[in-house]
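Trainee: Need the 3D shape of this:
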Amino acid sequence: MTNKDLFEALRMFEKEKDIPMDYMLQQIQKAIEIACKNYYGGNENVVFKADPEKNSFDVKLVKTVVDEVYDPNFEVTLEEAQQINKRKKFEIGDEIEIPLDPKRLGRIAVSSARNVIRQGIRAGEKGQSLLEFQSKLGEIATATVERVDPVKGIATIRIGKSEAMLPKSEQVGCGTLREGDHVKVYIADVKDNERGPHAIISRTHPGFVRRLFEQEVPEIYDGVVEIKSVSREAGSRTKMAVLSNNPDVDAIGACIGPKGARVNSIVDELGGEKIDIIEYSEEPGKYISAALSPATVLKVDITDEEKKSCKATVPDGQLSLAIGNKGQNARLAARLTGWRIDIRPESGFYGEDEDDEPVAEETAEEVAVETVEETVEEAAEETVEEAVEETAEETVEEATEEAVEETAEEINEEAETADE
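Mentor: Okay, here's the model as predicted:
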């Protein structure tokens with residue numbers, strides 16, 4: 001293989017793996033230096049010159065010109081120096097660059113060089129994956145499904161030139177995935193450890209809905225309409241508070257779009273998930289009342305402003321509507337506003353003392369249900385993240401090792417042939 005063939009191979013490698021040629025040349029230089037150090041008794045003073053434009057590749061070992069040689073790995077005599085380079089007049093103490101013959105490095109040195117190149121390739125791939133994921137952190141990416149686990153339903157997807165794992169629990173609203181499908185995902189987090197970088201991707205994260213509206217609603221993208229808060233129970237319901245920074249623009253109307261076209265598009269992407277859009281307000285009473293929609297709130301009494309606790313009064317016939325199925329409406333409203341909301345009927349509970357804090361059996365049960373559900377949800381979220389992280393780490397490591405082994409062997413064979 002000629003130098004031209006070597007550089008063509010490096011260019012192809014750069015295109016496929018997105019690892020710069022300069023980085024690979026640095027790894028080759030490092031490998032040669034280590035090989036020389038092992039073979040020439042610690043002499044790693046190597047002059048490495050590579051010019052991709054001219055397809056030139058040259059390696060020389062530097063030694064010192066001496067009167068009498070004590071260490072041939074570092075020194076040459078004046079006579080030997082003149083024979084090596086007859087064009088230059090050498091003196092004692094000068095340095096001379098001696099053309100390096102890779103065939104003389106020996107198998108151990110070559111093996112060490114291969115390991116260095118292999119590690120360099122792996123580090124380069126990790127670095128590129130990390131940069132690619134970090135550039136998309138907090139954003140929506142369109143990914144391609146490469147394979148789906150028939151048992152667990154975990155989808156391996158490709159984002160750009162990197163892979164990530166989408167667990168079954170995070171595939172809300174995208175139906176049954178098949179190889180070759182295109183799916184939108186939210187890059188919730190990027191982690192890097194000894195096994196390599198990997199992305200935590202999701203379709204259940206509240207940020208996914210936020211980004212979908214930013215893509216669908218020009219007023220949000222331009223900053224005219226601002227999304228103040230989002231609370232979500234993926235696959236079921238989402239509440240979103242919006243605020244218009246222009247008095248001539250209706251924030252809710254902009255999000256809904258003509259004949260509901262904008263919000264319906266997002267609902268379709270989420271698989272029919274219901275979306276409640278409310279207007280944000282700096283006044284807690286007004287904001288909380290809107291958050292409890294579709295129920296009508298008669299009044300909101302702030303019981304503890306520091307702890308953000310309040311009591312919302314609703315008509316007797318709308319108590320169940322305000323609380324929602326299994327407390328969902330009240331729970332989403334509390335998360336959206338950040339307030340602890342105690343929902344009471346207009347007539348009050350039977351036996352309630354108006355002078356004391358109202359403690360009713362029905363309310364206590366609702367609070368207990370809400371607390372248990374929140375605890376279960378938090379535990380589930382932590383478990384899902386750990387499972388995603390562990391599965392992603394193993395897959396990234398396996399994929400990287402396979403690519404490293406194949407690519408390293410090709411580069412090593414090409415480099416050795418080129419030197420010959």
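
Trainee: quick one: least confident helix or strand in the protein?
Mentor: Least confident helix or strand, the chain: helix 361-419 with a mean of 43, by mean pLDDT, DSSP states H and E.

Trainee: Low-confidence stretches in the protein?
Mentor: Low-confidence segments of the chain, defined by pLDDT under 70: 1-6, 13, 16-18, 101-118, 120-132, 193-196, 349-420.

Trainee: Helix, strand, or coil at Gly285?
Mentor: helix (DSSP: H, G, I helix; E, B strand; the rest coil).

Trainee: Just give the number of residues close to it.
Mentor: Using other Cβ atoms under 10 Å, Gly285 is surrounded by 15 other residues. Where C-beta positions appear, they are placed from N, C-alpha and C, glycine not excepted.

Trainee: Distance of it relative to Val314?
Mentor: According to Cβ to Cβ, to the nearest Å, Gly285 stands 13 Å off from Val314.

Trainee: can you check Ala261 too?
Mentor: Taking Cβ to Cβ, one finds Ala261 at 32 Å from Val314.

Trainee: again, but for Ile275
Mentor: 22 Å.

Trainee: for Gly180, same thing?
Mentor: 50 Å.

Trainee: In terms of neighbours, single out the busier of those two.
Mentor: Taking neighbours as other Cβ under 10 Å, Gly180 and Val314 compare with Val314 leading, 22 against 8.

Trainee: The more buried one pairs with what?
Mentor: Pro345 (DSSP bridges).

Trainee: residue ranges of the strands in the stretch 201-350 of the chain, please?
Mentor: 225-233, 237-244, 274-279, 299-304, 309-314, 340-345 (DSSP state E, counting those that start in this stretch).

Trainee: if you compare those, which one is most tucked away?
Mentor: Comparing these by mean neighbour count (mean count of other Cβ atoms under 10 Å), strand 237-244 comes out on top with a mean of 21.

Trainee: list the contacts for Gly271?
Mentor: Val172, Gly173, Cys174, Gly175, Gly235 (Cβ atoms under 8 Å, 6 or more residues apart in numbering).

Trainee: And those residues, which two are furthest apart?
Mentor: Taking Cβ to Cβ as the measure, those span a maximum distance of 12.0 Å, between Gly175 and Gly235.

Trainee: the more surrounded of the two?
Mentor: Each of Gly175 and Gly235 has its neighbours counted (other Cβ under 10 Å); Gly235 has more, 17 against 9.

Trainee: Walk me through the domains of the chain.
Mentor: Segmentation of the chain into domains, based on automatic domain parsing, reads 3-132, 138-201+378-400, 205-280, 283-348.

Trainee: Can you add distance to Ile28 and give the strands of the stretch 201-350 of the chain back as TSV?
Mentor: Below are those laid out as TSV (distance: least, Cβ to Cβ, whole Å):
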stretch	distance to Ile28
strand 225-233	50
strand 237-244	53
strand 274-279	55
strand 299-304	67
strand 309-314	66
strand 340-345	63
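
Trainee: quick one: which of those is nearest Glu163?
Mentor: Closest approach to Glu163 among these is made by strand 225-233 (26.6 Å; Cβ to Cβ).

Trainee: can you list contacts of the closest one?
Mentor: Residues outside strand 225-233 that contact it (Cβ under 8 Å, 6+ apart): 204-207, 209-210, 213-214, 217, 219-220, 238-245, 249, 251, 254-255, 280, 328, 331-333, 335-338.

Trainee: Over to stretch 248-263?
Mentor: Contact with stretch 248-263 is made by 213, 216-217, 219-220, 224-226, 240, 242-244, 264-265, 275, 277-280, as judged by Cβ under 8 Å, 6+ apart.

Trainee: at 10 Å what do you get?
Mentor: Here stretch 248-263 makes contact (Cβ atoms under 10 Å, 6 or more residues apart in numbering) with 212-213, 216-220, 224-228, 240-246, 264-267, 275, 277-280, 290.

Trainee: contacting residues around Arg210?
Mentor: Contacts of Arg210 by Cβ under 10 Å, 6+ apart are Gly138, Ile140, Tyr186, Ile220, Ile227, Ser229, Val230, Arg232, Thr238, Met240.

Trainee: I figured Lys168 hits Thr204, correct?
Mentor: No - if you go by Cβ atoms under 10 Å, Lys168 and Thr204 don't touch, sitting 11.2 Å apart.

Trainee: more neighbours, these two?
Mentor: Taking other Cβ under 10 Å, Lys168 and Thr204 do not tie; Thr204 has more neighbours (22 against 14).

Trainee: could you list every residue that touches the nearest residue to the more buried one once chain neighbours are set aside?
Mentor: Counting by Cβ to Cβ, 6 or more residues apart in numbering, Thr204 lies nearest to Ala234, which is 3.4 Å off, once chain neighbours are set aside. Taking Cβ under 10 Å, 6+ apart, we find Ala234 in contact with 169-170, 172-173, 202-206, 208-209, 270-271, 273.

Trainee: quick one, helices of the stretch 101-250 of the chain?
Mentor: Assigned by DSSP state H, counting those that start in this stretch, the helices in the stretch 101-250 of the chain fall at 106-135, 206-216, 218-221.

Trainee: Specify the beta-bridge partners of Ile98.
Mentor: In beta-bridge terms (that is, DSSP bridges), Ile98 pairs with Leu61.
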